[in-house]
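> here's a sequence, model it:
(chains A and B)
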Amino acid sequence: DVKVTQSSRYLVKRTGEKVFLECVQDMDHENMFWYRQDPGLGLRLIYFSYDVKMKEKGDIPEGYSVSREKKERFSLILESASTNQTSMYLCASSPPRRSPYEQYFGPGTRLTVT
Amino acid sequence: RKEVEQDPGPFNVPEGATVAFNCTYSNSASQSFFWYRQDCRKEPKLLMSVYSSGNEDGRFTAQLNRASQYISLLIRDSKLSDSATYLCVGLRNSGNTPLVFGKGTRLSVIA
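Numbering: from 1, shown residues only, chains lettered A, B, ... in the order given. Below is the predicted model of the structure:
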């Protein structure tokens, strides 16, 4: 079974703090994704990566950055957290580029910025 | 037209009922679609793929209607455990990100 783990289930941070959300997958998947999910807005793609050291912007990259130093790990960074970044953050991974559709999601991190 | 659109519901149906919901898409060149299921406070999980020939898996049937640009998910003999949000997923019209998720249709199966 594919396993995608995220570093925290719940996180509370203050405005202006730098926040790191970590995601690790154990299936040697090339593709990794970060989404946020908000009521009424659905899943929105923040950043994704098709390989180590690669990153590409999704629909809403502003205020976020990512790091992929190892194949199994994809980190989302909030440089200076703001209250509008309060959300559920979901990481996903998928097999090689030719079939990026079967995405396996982690359990999510519910981030609250106060 | 949004890339992938779904009726948010909720669809409230009794156990044993048959329920169907649709998802419309705007990219007429799309070949592949997917249904994901998301339980309350859980992550989405792939339910089934929808190819041009459709797909059936037990009580679940997914079909693609190219002429009208929609896909459907039919659930027969609904169980309480089918209660969840069903996300339609398709390909984007443009850009380099491969997938776009619908906002989901919420299903509640009632005893």
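> what residues does chain A put near chain B?
A:35, A:40-43, A:45, A:48, A:56, A:58-59, A:90, A:100-108 (Cβ under 8 Å from any Cβ of the partner chain). For glycine as for every other residue, the C-beta is placed from the backbone atoms N, C-alpha and C.
> do that again at 6 Å, thanks
Within chain A, the residues that sit near chain B (Cβ under 6 Å from any Cβ of the partner chain) are A:42, A:43, A:45, A:58, A:90, A:100, A:101, A:102, A:105, A:107, A:108.
> buried subset of those, written for PyMOL?
With 16 or more other Cβ atoms under 10 Å in any protein chain shown as the criterion, this PyMOL line picks the buried residues out of the residues of chain A next to chain B:
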select buried, chain A and resi 42+43+45+58+90+100+101+102+105+108
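> among the residues of chain A next to chain B, show me the least confident.
Of all those, residue A:100 has the smallest pLDDT value, namely 58.
> ok, back up a step: which one of the residues of chain A next to chain B is nearest residue B:64?
residue A:101 (14.3 Å; Cβ to Cβ).
> what's the span of stretch A:5-22, first residue to last?
8 Å (Cα to Cα, to the nearest Å).
> which element is the residue nearest to the spatial centre of chain A on?
Taking Cα atoms, centre = their mean as the criterion, residue A:34 is the residue nearest the geometric centre of chain A, at 2.7 Å. Here residue A:34 sits within strand A:31-38, counting by DSSP states H and E.
> just confirm the residue nearest to the centre of chain A contacts residue A:47, I think it does.
Yes - assessed by Cβ atoms under 6 Å, residue A:34 is found in contact with residue A:47 at 5.2 Å.
> can you give me the strands in chain B?
B:4-6, B:11-14, B:19-25, B:33-38, B:44-50, B:55-57, B:60-65, B:70-75, B:84-91, B:99-101, B:105-110 (DSSP state E).
> for the helix or strand of chain B with the lowest mean pLDDT, name the packing helices and strands.
When each helix and strand of chain B is scored by mean pLDDT, DSSP states H and E, strand B:99-101 comes last, with a mean of 87. Judged by 3 or more Cβ pairs under 6 Å, 6 or more residues apart in numbering or on different chains; DSSP states H and E, the packing partners of strand B:99-101 are strand B:84-91.
> partners of the strand it packs on in the sheet?
Taking DSSP bridges as the criterion, strand B:84-91 sits next to strand B:33-38 (antiparallel), strand B:99-101 (antiparallel), strand B:105-110 (antiparallel) in its sheet.
> so which bits of it are buried?
B:84, B:85, B:86, B:87, B:88, B:89, B:90, B:91.
> what packs against the very next helix or strand once past the strand holding residue A:34?
Later in the chain than strand A:31-38, the nearest helix or strand by DSSP H and E is strand A:42-49. On a contact count with 3+ Cβ pairs under 6 Å, 6+ apart, strand A:42-49 meets strand A:31-38, strand A:64-70.
> please redo it, this time with the cut-off set to 7 Å
strand A:31-38, strand A:56-57, strand A:64-70 (3 or more Cβ pairs under 7 Å, 6 or more residues apart in numbering or on different chains; DSSP states H and E).
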